[in-house]
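Undergrad: Have a look; sequence and predicted model below, questions after that.
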Amino acid sequence: MELSKTQKRKGRILALQVLYSYEHNRSASIVDVFEAVSSIPEAGLSSNDTIRFAKSLCVLAVRYITHIDKVLSDYTDNWDITRLSSIDRNTLRLAAAEIISDHATPFAVVINEAVEIAKEYGTDESASFINGVLDAAKNEIQKINKE
């Protein structure tokens, strides 16, 4: 089943929340963190497809986190990925996971969605930062799952 734009946005936001939570609780598996966060009634998720989409992004982001972080660090102007805000770092990881996934979403859409999420959850500078990093790194990110 094809997800609507709204369903995908909800899935991306859930994935960001899960990655943020996972980063602060690495003793748990990403699946356990996903189950805990996605079961919160306030998440307002009614579609199993949305939940599956979010979970696939989270699992992929964690599976390739070392590779993703290395590529992203190469494009963050001498900023180590660990120095970024948790929201910016995980928004970048989320977008990277979607770029390297089997999903057929064009780069421009993935980047735009990351920018919109950064506008909502990040700082005033987050959106332009996210846009610049992802635009510069997209081709290198795409190569990750081929390594």
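TA: Perfect, thanks for sending it.
Undergrad: for the lowest-mean-pLDDT helix or strand in the chain, which positions count as buried?
TA: Within the chain, no helix or strand scores below helix 30-38, which has a mean of 89 by mean pLDDT, DSSP states H and E. For helix 30-38, a neighbour-count test (16 or more other Cβ atoms under 10 Å) marks 30, 33-34, 37-38 as buried. C-beta coordinates here come from the backbone N, C-alpha and C atoms, glycine included.
Undergrad: What is the nearest of those to residue 15?
TA: residue 34 (8.5 Å; Cβ to Cβ).
Undergrad: so who does that closest one touch?
TA: Applying Cβ atoms under 8 Å, 6 or more residues apart in numbering, we find residue 34 in contact with 18, 54-55, 58-59.
Undergrad: model confidence over stretch 63-72, on average?
TA: Mean pLDDT, stretch 63-72: 95.
Undergrad: what angle separates whichever strand or helix holds residue 73 from helix 30-38?
TA: Assigned by DSSP states H and E, residue 73 belongs to helix 65-74. Here helix 65-74 points in a direction 80 degrees away from that of helix 30-38 (axes from the mean of the first three to the mean of the last three Cα atoms, to 10 degrees).
Undergrad: after helix 65-74 comes which helix or strand?
TA: Next helix or strand after helix 65-74 toward the C-terminus (DSSP H and E): helix 86-100.
Undergrad: what's that following helix packed up against?
TA: Secondary-structure packing of helix 86-100 (3 or more Cβ pairs under 8 Å, 6 or more residues apart in numbering; DSSP states H and E): helix 5-23, helix 48-63, helix 65-74, helix 107-121, helix 126-142.
Undergrad: List the buried residues of it.
TA: Those buried within helix 86-100 under the rule 16+ other Cβ under 10 Å are 87-100.
Undergrad: And stretch 67-83, by the same measure?
TA: Buried residues in stretch 67-83, counting neighbours by 16+ other Cβ under 10 Å, are found at 67-69, 71-73, 75-76, 81.
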